[in-house]
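K.L.:
Sharing a model prediction with you, sequence too.
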Amino acid sequence: MFGKSKAEVLVVGAGPVGLLTALYLAERGVAVHVIDEKTGISDMPRTMVLHSRSLELLDDAGVLTSLLARGTRMESLVVGDRQQELATLHFSELDTQFPYVLVVPQTALETALEQHLAELKVHVHWNHRLGSFDLRHGRVSAIIQRLGHVSTGYAVATMEWGVEKELHAEASYLVGADGFNSLVRRQLDIEVTQAGPAAYYAIVECKGATYSGGRGRVFLDESMANAYWPLAEGRGRWCLQLSEDAIPRDEREPDIRLASAEADIPALEDGNVMAILGDRARWHGGDFGKIAWSAALSFAPFVATRFGEGAAWLVGDAAHGTSPLGGQSLNVGLGEAHALASRLGRVVKAHESAQLLEEYGEACTAEWKRMLLAPGGRPGAGSSAGGGWLRANGARLLGCIPASGRDLEVLAERHLGMPAGALA
């Protein structure tokens, strides 16, 4: 399959986490194949926020320089309500080589990773999806479906997108990086635990107003959480939580949809978006510019009950998900890519014990149980202005801050009044 080379690891999914997993494997001399059912890197205008720790990983992988030229540095995060600022979190307080977060187009990250993989002679097999697999005899035996335009019809032939050919693949290990609807997870019969109710968001990018870089914002009201990220060229990205009534009932499933003229999502009509912004972001001053694009997103936070077994393991959104506000699922997933690839490299190339992979799964499960399934302790006294508001909203703010692990603990302790070790 895929030429004469044989894969030691088959990575399913070529999003940021899957690509980084493959890159780390290739750098360790592991023969890796990457498949994805998409036709290529998406050109949809999605923007992501990369945490300080993720920047360290991407720098180590050799792709950060190109991202810095495309991204916007966010050096601080203001938290407050719709009226005023109540605290400012400075990323310079973190013990890191990169004391900021980077707001960058998702296409820029994926392109940089794919290009670096190509330099290592690893090419993504687009238009290929996983059909099925089994783990008998301690190896992975998989059916890969190559997608293409196939002829249908009799009297009048038409071309439709479908399975062009089925291919057989063998590998020592399988990595499922195939997103929240992961086929790898489902075929492993791994259940997920939902960590909260579904929430609905409008993702909106505006242009033509005064959007200064350097500072992001998280602003809460009684029931809704919202965020603003600065973008390059005087643009701003807003993530606005919506009430359930704003989404038509047949749209209420975890998914991402770009808005279009045909989209029947009332909350994404320009007039409604501007009304929501004007009401919730009163601190901004009222000039939001024009809407460049918008998307509707609905999502329920979840974590897999386990991260894999034997020769098949999960990374990223295949195993967990959070709200889009703080980007925690993506960024922790990038850390998982490093952790899993490092261990697979030792198992495959140095013939170390496969117990390393079991330890990976146990560590990931424990971390996500802390993040999603435990409340993180009671907020403490609070040390900033607006301490009463911070005490009341500290737990809600945790999922909105673009940080994770020890960095999130530091910021929560210093600014949200969370006692040391509350997230442990």
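P.N.:
Yes, it's here. Residues are numbered from 1 along each chain as shown.

K.L.:
ok, longest helix in the chain?
P.N.:
When every helix of the chain is counted residue by residue (DSSP state H), the longest turns out to be helix 328-349.

K.L.:
Please identify the buried residues of whichever helix or strand comes after that helix?
P.N.:
Sequence order places helix 355-368 as the next helix or strand after helix 328-349, per DSSP states H and E. Neighbour counts using 16 or more other CB atoms under 10 Å place Leu356, Leu357, Glu358, Tyr360, Gly361, Cys364, Thr365, Glu367, Trp368 of helix 355-368 among the buried residues. Just so you know, the C-beta spots here come from the backbone N, C-alpha and C atoms, and that holds for glycine as well.

K.L.:
which strands and helices sit next to helix 355-368?
P.N.:
strand 302-304, strand 308-309, strand 312-314, helix 328-349 (3 or more CB pairs under 8 Å, 6 or more residues apart in numbering; DSSP states H and E).

K.L.:
Let me see the mean pLDDT of the first one.
P.N.:
When you say that, I think you mean strand 302-304. Strand 302-304 carries an average pLDDT of 94.

K.L.:
just checking, what packs against that strand?
P.N.:
Under the contact criterion of 3+ CB pairs under 8 Å, 6+ apart, strand 302-304 touches strand 192-194, strand 320-321, helix 355-368.

K.L.:
Please render the ones you listed as a markdown table that adds mean pLDDT and distance to Thr107 to the earlier fields.
P.N.:
As requested, the helices and strands packed on strand 302-304 are exported to a markdown table (pLDDT from 0 to 100; distance: least, CB to CB, whole Å):
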| stretch | mean pLDDT | distance to Thr107 |
| --- | --- | --- |
| strand 192-194 | 91 | 28 |
| strand 320-321 | 93 | 21 |
| helix 355-368 | 96 | 27 |
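
K.L.:
Can you say which of the ones you listed is nearest to Met44?
P.N.:
strand 320-321 (18.7 Å; CB to CB).

K.L.:
Run through the neighbouring helices and strands of the closest one.
P.N.:
Applying 3+ CB pairs under 8 Å, 6+ apart, one finds that strand 320-321 contacts strand 302-304, helix 328-349.

K.L.:
the inter-axis angle of the last one versus helix 355-368?
P.N.:
Taking axes from the mean of the first three to the mean of the last three CA atoms, to 10 degrees, helix 328-349 and helix 355-368 form an angle of 170 degrees between their directions.

K.L.:
i'd like the first residue to be 362 from this point on
P.N.:
Renumbered: residue one is now 362, and that last one reads helix 689-710.

K.L.:
Show me the domain layout of the protein.
P.N.:
According to automatic domain parsing, the chain comprises the domains 370-422+468-555+663-732, 560-660.

K.L.:
thinking again about what came up before, so which elements touch the longest helix of the chain?
P.N.:
For helix 689-710, the elements it packs on are helix 377-388, strand 408-411, helix 413-421, strand 534-537, strand 681-682, helix 716-729, judged by 3+ CB pairs under 8 Å, 6+ apart.

K.L.:
From the chain's centroid, how far away is that helix?
P.N.:
A distance of 15 Å separates the C-alpha centroid of helix 689-710 from that of its chain, computed with CA atoms, centre = their mean, to the nearest Å.

K.L.:
all helices of the stretch 562-711 of the chain, in order?
P.N.:
Assigned by DSSP state H, counting those that start in this stretch, the stretch 562-711 of the chain shows helices spanning 631-641, 689-710.

K.L.:
which one of the ones you listed has the most crowded surroundings?
P.N.:
Scoring the helices of the stretch 562-711 of the chain by mean neighbour count under mean count of other CB atoms under 10 Å gives helix 689-710 as the most buried, with a mean of 23.

K.L.:
I'd like to check the angle between that one and helix 377-388, please.
P.N.:
Between the axis of helix 689-710 and that of helix 377-388 there is an angle of 20 degrees, by the same axes, to 10 degrees.

K.L.:
if we can go back for a sec, the buried residues of helix 716-729: which two are farthest apart?
P.N.:
It's Leu717 and Trp729 that sit farthest apart of the buried residues of helix 716-729, by CB to CB, at 19.2 Å.
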